[in-house]
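J.: A predicted structure for the sequence below; I have some questions about it.
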Amino acid sequence: MPYVRKAPRADTDRELTSTVLELVWRRQQVSRAEIARHTGRSRSTISEAVARLLDTGLVAEVGSGESRGGRRPILIGFQDEAGVILGVDIGATHVAVILTDLRGRTLAWRERPHPVRSDPKGADALITGLGEVCLHEWNGDRDRLMGIGVAVPSPVDPQSPDVVLDRVLPAWRGHGILDRLKSVFDVPVFVDNDANLGAVAEHWWGKAVGIDDFVYLKVATGVGAGLMIGGEIYRGATGVAGEIGHIAIDPNGPKCVCGNRGCLATFVGTRHLVERATALVPSHPDSALAGTEPDIRIIEDAALAGDELALRVVNEAAVHLGIVVAGVLNLMNPGSVIIGGSLARAGDRLLAPLREAVASRTLVASAAASEIRTSELGKRATALGAATHVLVAALDNPRLFPGVKSA
Ligand SMILES: [Zn+2]
């Protein structure tokens with residue numbers, strides 16, 4: 001769990017509800033006296049706030065705690081299943097939907113390959129269909145669905161999140177998937193960039209719990225970064241911060257879709273790795289990849305088994321990634337760099353050459369302070385981050401929680 005921070009003084013009822021709810025969520029079980037101490041408010045004010053929250057079902061009296069000399073205090077516990085959230089991961093070639101409780105636990109999960117770019121109508125139907133399947137499998141009270149988070153493989157301008165799909169997926173222009181999700185499920189919909197949401201997932205449930213300054217690098221079809229600074233996602237002026245896949249690492253390199261040459265994505269993106277592996281097969285006839293049509297999973301499995309060709313492909317990717325990671329360390333001095341996306345499965349086979357590449361490129365102190373790791377959240381990370389985005393919004397604005405409208 002993230003740190004329990006000293007709460008700022010809450011001045012309005014909504015702020016107090018938010019502060020109390022977040023404290024109960026973080027501590028999981030806490031007495032009214034502790035809440036009063038933590039918030040600096042009177043016992044009676046806290047008792048009123050807790051009474052309002054007890055009515056919503058989000059918290060409950062769950063037993064008694066240690067006595068501090070007097071009566072044993074009643075503990076207030078957060079009810080993780082009082083609400084559920086759908087997280088949607090829209091990739092370039094797949095869609096995935098997760099249903100979580102309020103502690104990031106998976107209640108249901110579905111993933112399907114789909115030509116998302118060229119078939120918005122089909123993708124749209126698939127996403128709502130998978131959402132329905134997840135809710136059906138969970139089989140709980142539909143009123144507890146409190147929101148939908150959506151991850152998209154493109155920058156998201158917080159000022160106009162709805163136009164985002166148009167830009168990255170031109171075929172989707174005017175298609176209104178976010179509106180459709182809103183009307184089909186009748187809950188608020190939040191959208192953000194997939195790498196940002198990967199960083200959110202790491203910060204709440206993964207390798208970056210307790211780390212407020214870190215970089216999450218999603219290496220998949222494309223390459224993106226979620227930059228967390230001071231516990232908040234850094235978005236830049238118009239939401240484009242973190243488009244690290246289009247940093248040029250070779251001015252004479254191959255042409256990229258963005259118009260630039262030699263972008264990182266052209267060296268470590270899934271398509272390049274598959275093409276590179278295919279091109280190397282004739283010089284490695286004994287490789288496990290010979291006679292296959294390699295995809296990224298096959299390459300990683302072979303690398304994990306020690307296959308020479310696959311290791312060469314992963315090594316080359318690590319060296320190219322290392323150029324940009326060294327730059328990021330110098331720029332941001334993050335506490336940690338977490339590699340996610342499909343390439344993360346290679347684990348130490350990727351990390352060892354990556355650490356070496358970074359060490360050989362930067363001698364400044366920031367490199368020594370940073371840990372480079374691979375994500376362990378697996379392929380659910382992005383959808384989980386999308387769902388967590390809704391939880392974070394609700395902890396800030398409790399009216400998003402079921403039953404809190406009047407609290
Ligand atoms: Zn590019």
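T.: Looks like it came in fine.
J.: in a strand, Val240, correct?
T.: No. When the secondary structure is assigned by DSSP: H, G, I helix; E, B strand; the rest coil, Val240 falls in coil instead of a strand.
J.: doesn't Ser154 make contact with it?
T.: No. Between Val240 and Ser154 no contact is recorded; they are 9.5 Å apart, counting by CB atoms under 8 Å. Every residue, glycine included, has its C-beta placed from N, CA and C.
J.: of the two, who's got more company?
T.: For the pair Val240 and Ser154, the greater number of neighbours falls to Ser154 (19 against 14), based on other CB atoms under 10 Å.
J.: wait, that one touches Asn193, no?
T.: Yes. Checked against CB under 8 Å, the pair Ser154 and Asn193 is within contact range at 6.6 Å.
J.: identify the bridge partners of Val95.
T.: Beta bridges link Val95 to Ile90, Arg112, judged by DSSP bridges.
J.: look up how far Gly147 lies from it.
T.: In this structure, Val95 lies at 18 Å from Gly147, with CB to CB, to the nearest Å as the measure.
J.: same question, Ala326
T.: Taking CB to CB as the measure, Ala326 falls 39 Å from Gly147.
J.: where exactly do the helices run in the protein?
T.: For the chain, the helices defined by DSSP state H occupy 13-27, 32-39, 43-56, 120-138, 164-168, 177-185, 194-205, 265-268, 270-280, 296-304, 308-332, 348-361, 365-369, 381-396.
J.: between those, which one is nearest to the ion?
T.: Closest approach to the ion among the helices of the chain is made by helix 265-268 (5.7 Å; CB to the ion).
J.: so what touches the closest one?
T.: Contacts with helix 265-268, where a contact means CB atoms under 8 Å, 6 or more residues apart in numbering, come from 219, 222-223, 245-246, 249-250, 253-256, 272, 316-317, 320-321, 343.
J.: among those residues, which lie within strands?
T.: Within these, residues falling in strands by DSSP state E are Val219, Val223.
J.: what about the ion: which of the contacts of helix 265-268 touch it?
T.: For the ion, the contacts drawn from these by CB under 5 Å from the ion are His246, Cys256.
J.: in stretch 126-140, which residues are buried?
T.: Of the residues in stretch 126-140, those buried by neighbour count under the rule 16 or more other CB atoms under 10 Å are Leu126, Ile127, Thr128, Leu130, Gly131, Cys134, Leu135, Trp138.
J.: check the first one and give its pLDDT.
T.: Here, the pLDDT recorded for Leu126 equals 95.
J.: residues contacting it?
T.: Taking CB under 8 Å, 6+ apart, one finds Val95, Arg112, His114 in contact with Leu126.
J.: do the same with the second one
T.: Ile127 makes contact with Val88, Ile90, Val95, Val97, Ile177, Leu181, according to CB under 8 Å, 6+ apart.
J.: how about the first one, nearest residue that isn't a chain neighbour?
T.: Closest residue to Val88 in three dimensions, ignoring its sequence neighbours and counting by CB to CB, 6 or more residues apart in numbering: Val150, at 4.6 Å.
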